[in-house]
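[1] Pasted the sequence and its predicted model underneath.
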Amino acid sequence: MDTFLVAVFETEEAAFRGAESLRDLHRKSALTVHAAAIIHKTPDGTVGMKEAAEEGPVGAAFGMMVGALVGVLAGPLAAGAGAAVGAAAASGAVLGTASGGLVGLMGDLVRSGIDSEFLEIVGTELQPGCSAVVASVDEAMTLPVDKAMAAQGGRVFRQPRIDTIDAELEAQAAILSRRAGELKAEFNAASEADRDILNTPMHDLRDQLKALEEQVSTRQSRLTAEVAERSASLTSQIEAASDETSDRFARRLAELTEDTALRLKALERAAGVIESARALVG
């Protein structure tokens, strides 16, 4: 959906200059910066946020990703702190399960399109004392960012991001739907005494379906708001950029629109499956 960009610098001051250079490129319509933050690794290995992303739908989702990144880079002992940083930055928004702990944070990042190999590279580069600019961007060209970051001593790492959250929610809905059909058939065939026993798993399944329904609904709302904000940023850059850059941003906007339609359809299918399953189990 976008590019997750990490530029690593040897000092905190250089990272702040790098962040300003990134914003300057956005102002010149050389790229679109949807959200950005600065993280720092202290000499004792503690990783923390130095500058959080701005508020808004994109900033909320991005803040959770950065919080998860902080937790993963800091290691198991700091994973809880990373989750707290993300929650604070995102004002309560969630990614996937937002399950906490190192494994949960890794899972959130993977579902958001940040793979383990990329995290390993960034973790190796972000040595104690170093800082990094972390950003969600759409680039018309690679060179402007690389040159601007290199001028401040930074090295750039990119991860094109295609998250799997929506497909995962649809898959979960299908699994619970199948379970509802099987449990309802077993319940109908059972004796009165056995039905009393089956009432407990039926109740548990109803709770699971309700929780998943809420997740899907929340995801639909947040995805719509986030994409609207990204689309507005791209549209602004299309109008201001040179012809070649404008054309590339226009293609990116078309891709975003198409991708969003597919993801919203997946969520719509998930909602329909959940509704049918809830009707089965009452």
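    All right, it came through fine. Numbering: from 1, shown residues only.
[2] immediately after the worst-scoring helix or strand of the chain on mean pLDDT, which helix or strand?
    Scoring the helices and strands of the chain by mean pLDDT, DSSP states H and E places helix 79-90 at the bottom, with a mean of 46. Later in the chain than helix 79-90, the nearest helix or strand by DSSP states H and E is helix 101-111.
[3] Can you tell me the closest non-neighbouring residue to Q220?
    Once flanking residues are discounted, Q220 sits nearest to L267: 5.0 Å by CB to CB, 6 or more residues apart in numbering. To be clear about C-beta, it is placed using only N, CA and C from the backbone, and glycine gets the same treatment.
[4] Using the three-state scheme, assign that neighbour.
    helix (DSSP: H, G, I helix; E, B strand; the rest coil).
[5] count of residues packed around it?
    The tally of other residues near L267 (other CB atoms under 10 Å) stands at 22.
[6] how about G45, secondary structure?
    coil.
[7] so the residue nearest to it when sequence neighbours are not counted, which of the three states?
    Distances taken as CB to CB, 6+ apart place P128 nearest to G45, at 5.8 Å, with adjacent residues excluded. With three-state DSSP as the basis, the three-state label of P128 is coil.
[8] What pLDDT is listed against P128?
    Listed pLDDT for P128 reads 95.
[9] Where is the longest helix in the protein?
    helix 192-240 (DSSP state H).
[10] Point me to the residue sitting closest to the centre of this structure.
    S112 (4.1 Å; CA atoms, centre = their mean).
[11] Excluding sequence neighbours, find me the nearest residue to that residue.
    Nearest to S112 is D163, by CB to CB, 6+ apart, at 4.6 Å.
[12] quick revisit: which strands or helices does the longest helix of the chain pack on?
    Applying 3 or more CB pairs under 8 Å, 6 or more residues apart in numbering; DSSP states H and E, we find helix 192-240 packed against strand 31-41, helix 57-74, strand 131-139, helix 165-189, helix 243-281.
[13] For the very next helix or strand once past the third one, list every residue counted as buried.
    Once strand 131-139 ends, the next helix or strand along the chain (criterion: DSSP H and E) is helix 143-150. Counting neighbours by 16 or more other CB atoms under 10 Å, one finds that the buried residues in helix 143-150 are 144-146, 148-149.
[14] what do you get for stretch 113-129?
    113-114, 118-119, 122-123, 126.
[15] Closest one to V47 out of the residues you listed, please.
    L126 (7.6 Å; CB to CB).
[16] returning to what we had before: surely the residue nearest to S112 touches R111?
    Yes: taking CB atoms under 8 Å as the definition, D163 is a contact partner of R111 at 6.0 Å.
[17] the more surrounded of the two?
    The neighbour count for D163 versus R111, taken as other CB under 10 Å, is higher for D163 (22 against 17).
[18] what kind of secondary structure is that one in?
    D163 - assigned by three-state DSSP - is coil.
[19] Now it: phi and psi?
    Note on D163: backbone dihedrals following degrees, to the nearest 10 are phi -80, psi 160.
[20] State the distance from it to L31.
    21 Å (CB to CB, to the nearest Å).
[21] With E13 as the reference, name the closest of the helices and strands packed on helix 192-240.
    The closest of these to E13 is strand 131-139. By CB to CB, the value is 8.4 Å.
[22] Helix 57-74 and that closest one, what's the angle between them?
    140 degrees (axes from the mean of the first three to the mean of the last three CA atoms, to 10 degrees).
[23] mind giving me the domain split of this protein?
    2-161, 165-281 (automatic domain parsing).
[24] and stretch 149-168, what's its mean pLDDT?
    Per-residue scores along stretch 149-168 average to 94.
[25] Revised request: answer the last question for stretch 172-186.
    Taken as a whole, stretch 172-186 has an average pLDDT of 97.
[26] So which bits of that stretch are buried?
    172-173, 176-177, 179-180, 183-184.
[27] Please enumerate residues in contact with it?
    With CB atoms under 8 Å, 6 or more residues apart in numbering as the test, stretch 172-186 has contacts from 198, 201-202, 205, 208-209, 212, 216, 269-271, 273-274, 276-278, 280-281.
[28] Give me the mean pLDDT for the longest helix of the chain.
    Averaged over helix 192-240, pLDDT sits at 96.
[29] three-state assignment of I114?
    In three-state terms, and counting by three-state DSSP, I114 is coil.
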